[in-house]
Each structure stands twice: as structure tokens, then as C-alpha cells.
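Asks: no sequence on hand, only this structure:
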């Protein structure tokens with residue numbers, strides 16, 4: 001729902017330089033093994049694999065930025081059609097690049113450092129899921145590939161091609177041909193303010209105060225006809241969360257300007273971050289640039305602003 005600073009992410013990627021280089025080198029070795037394994041390929045498939053091997057010989061390859069990824073996508077192109085073997089070349093490439101193991105081992109650490117914990121599309125669900133191995137549980141990140149791994153498997157482990165998302169949005173995104181959303185950007189306007197807004201109908205607030213029935217609360221997700229609403233059914237998701245609006249209305253009535261100042265003064269005595277009192281009051285982060293840190297932050301922020309809490 002909002003882009004994040006591409007330059008900041010690039011600097012974080014440099015912190016993981018050793019990890020990313022080891023991933024590249026391991027992938028290169030395994031791709032070469034595939035080329036020499038006797039795996040049956042037609043000429044187009046063999047040429048495609050050779051092109052990927054030459055690509056992975058380039059140091060710092062996984063650190064390249066989105067525009068460079070676009071160039072590679074155009075240069076190498078989609079994987080050629082399978083020749084009908086039991087195991088497809090696409091599956092072999094994905095296996096050797098180690099995408100599945102990276103979801104469990106590397107991406108939880110990486111995306112935690114980047115500061116993305118929620119689905120970048122719906123912002124309603126954590127992107128972390130658990131995997132059980134015997135009696136042990138580990139976390140893994142669900143990610144959507146901006147350039148689909150089914151068509152461009154060689155891009156499956158490029159960090160700037162990865163968009164953390166929940167499983168439902170990932171499936172819906174795969175079926176969408178119209179959605180264009182750049183998660184990583186250098187545009188100050190895109191990283192400071194989202195183009196999307198949840199707007200609570202003012203008339204419904206008055207009706208709710210009379211009936212105390214949350215079904216009377218109405219909101220819309222704008223701009224009208226946006227790709228996010230069409231692709232992910234955002235209003236349908238958040239219509240199940242009207243209790244959040246109820247709590248914010250109650251807080252707006254309990255905490256007028258005087259009481260908010262009193263709360264702020266209480267927090268100042270605890271030597272805590274000055275913005276923490278508002279996060280405590282609202283129940284989430286208060287900057288739009290931080291909505292990726294907690295589920296439903298965008299929804300909560302927009303309603304809280306409309307009610308005068310922040």
C-alpha cells in the first residue's frame with residue numbers, strides 16, 4: 001500500500017553482502033552441475049541455462065536494483081517452453097537457486113531488518129508463517145515475486161524482486177494482469193504518503209453512536225476503482241474489522257486534547273520515545289512509512305486521523 005525507500009533497502013542489502021554472495025556462488029556451482037548432469041534439454045533450454053550461468057558469474061549480482069532487474073528480464077527473457085519431460089527445467093533452476101530454503105533460513109532475518117512484517121498488498125496479515133519439522137517450529141516469509149518465478153526462475157532470489165505478501169494476496173496477485181505496484185522506490189512522494197485512503201462515512205458515525213451497532217459503520221477504500229480494491233478485495237477484508245473502528249471512536253470520545261496531553265506527560269516521565277504515547281493510544285504505528293510493521297496499520301491510521309486522534 002506504500003513504497004519503501006529503495007536506497008535504505010540497498011544499504012541493508014549491503015549489510016547482508018556475505019550472505020548474498022554465498023547464495024550467488026552456491027547457485028552458480030549448482031547451475032553448472034545441472035548443465036553437466038546429463039539432464040535432457042532442447043537447444044533453447046540449454047542456451048537459456050547457459051545464459052543464466054554466465055549471469056551468475058557476475059560478482060554482487062544479487063545486489064542489483066529494480067531497473068537493472070528489468071534490463072535482465074528483457075535480455076534473458078522467460079524460460080522456454082518445456083519439452084515435456086517429467087521434471088521441468090524451471091523446477092531444476094528453482095531447486096538449485098535454493099529459493100525454498102532461503103524462505104526459511106534467510107528471508108526472515110533479511111525482511112525483519114528491512115522492517116516489513118505485513119503483506120505489502122492488503123496490510124492485514126503477517127507474512128510470517130510457521131513450518132514444523134518434528135517437534136520443532138521455524139518461521140518462514142511468504143513472498144510474491146514481482147516478476148513471476150514461473151516465467152523468470154533465475155530472478156527468484158533477487159531481493160528487489162521479492163515482495164512480502166500473505167498467501168491469499170499472493171494467489172490473487174498471480175491472477176491479476178493490471179496491478180502495477182512498485183514496492184521499492186526513490187520517489188519521495190511515494191515513500192512518504194500512500195495514494196490509498198480508508199475514509200469513514202461521517203453520517204455512519206452519528207448513526208452508530210445512536211444504535212451502537214457496528215454494522216452501521218461505513219467506509220470506503222479510495223481512490224474509487226483502484227487496482228488494489230479490484231485485485232485484493234480490500235473493503236471486503238476490512239469490513240470484518242469494524243470493531244477496530246468502534247475502539248477508535250471510543251478513544252476519540254475519552255481522549256480529548258486535554259486528556260491526550262495528560263497521557264503524553266505521563267509517558268514523558270517514563271523516559272520513552274515521545275511518539276510511543278500516540279502508538280499506545282491508537283494501537284499501531286502512526287507514520288504512514290511504518291505501516292509495514294504491523295497488520296492493519298494503514299486502516300487504523302486513516303480512521304484515527306479522521307477522528308482527530310492523530
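Replies: Noted; the coordinates are in hand. Predicted model only: the values in this text are computed from it and were never measured.
Asks: which SS state does residue 163 fall under?
Replies: strand (DSSP: H, G, I helix; E, B strand; the rest coil).
Asks: excluding chain neighbours, what is closest to it?
Replies: Closest residue to residue 163 apart from its sequence neighbours, by C-beta to C-beta, 6 or more residues apart in numbering: residue 144 at 4.5 Å. Bear in mind the C-beta positions are built from the backbone N, C-alpha and C, glycine included.
Asks: got a list of what that neighbour touches?
Replies: Contact analysis of residue 144 by C-beta atoms under 8 Å, 6 or more residues apart in numbering lists 121, 162, 163, 164, 165, 169, 170, 173, 174.
Asks: phi and psi next, for it.
Replies: phi -100, psi 140 (degrees, to the nearest 10).
Asks: distance check, it against residue 166.
Replies: 9 Å (C-beta to C-beta, to the nearest Å).
Asks: shared neighbours, the two?
Replies: Listed as contacting both residue 144 and residue 166 by C-beta under 8 Å, 6+ apart are residue 121.
Asks: residue 159: what's it in contact with?
Replies: Residues near residue 159 by C-beta under 8 Å, 6+ apart: 9, 13, 20, 62, 63, 110.
Asks: what's it sitting at in phi/psi?
Replies: Per-residue torsions, residue 159: phi -50, psi -40 (degrees, to the nearest 10).
Asks: next one: the one 10 residues further on
Replies: Here is the backbone geometry of residue 169 (degrees, to the nearest 10): phi -70, psi -40.
Asks: and the nearest residue to it once chain neighbours are set aside, how far from residue 258?
Replies: In space, and not counting its chain neighbours, residue 169 is closest to residue 121: 4.2 Å by C-beta to C-beta, 6+ apart. To residue 258, residue 121 is 40 Å away according to C-beta to C-beta.
Asks: higher neighbour count, those two?
Replies: For residue 121 and residue 258, the more surrounded residue by other C-beta atoms under 10 Å is residue 121, and the numbers stand at 26 against 8.
Asks: tell me the secondary structure for the more buried one?
Replies: Per three-state DSSP, residue 121 ends up coil.
Asks: helices along the stretch 101-250 of the chain, start to end?
Replies: Assigned by DSSP state H, counting those that start in this stretch, the stretch 101-250 of the chain shows helices spanning 107-114, 167-175, 188-192, 202-211, 227-232, 234-238, 242-254.
Asks: of the ones you listed, which is nearest residue 98?
Replies: For residue 98, the closest of the helices of the stretch 101-250 of the chain is helix 107-114, at 11.3 Å, according to C-beta to C-beta.
Asks: buried sites along the closest one?
Replies: When burial is assessed from 16 or more other C-beta atoms under 10 Å, helix 107-114 yields the following buried residues: 107, 108, 110, 111, 114.
Asks: got the contact list for it?
Replies: With C-beta under 8 Å, 6+ apart as the criterion, helix 107-114 contacts 4, 9, 12, 15-16, 19, 117, 127-128, 139-141, 143, 159, 162, 164.
Asks: as a quick check, tell me the outermost residue of the protein.
Replies: residue 210 (39.1 Å; C-alpha atoms, centre = their mean).
Asks: pretty sure residue 285 contacts residue 293?
Replies: Yes - contact between residue 285 and residue 293 holds when scored by C-beta atoms under 8 Å: they sit 5.4 Å apart.
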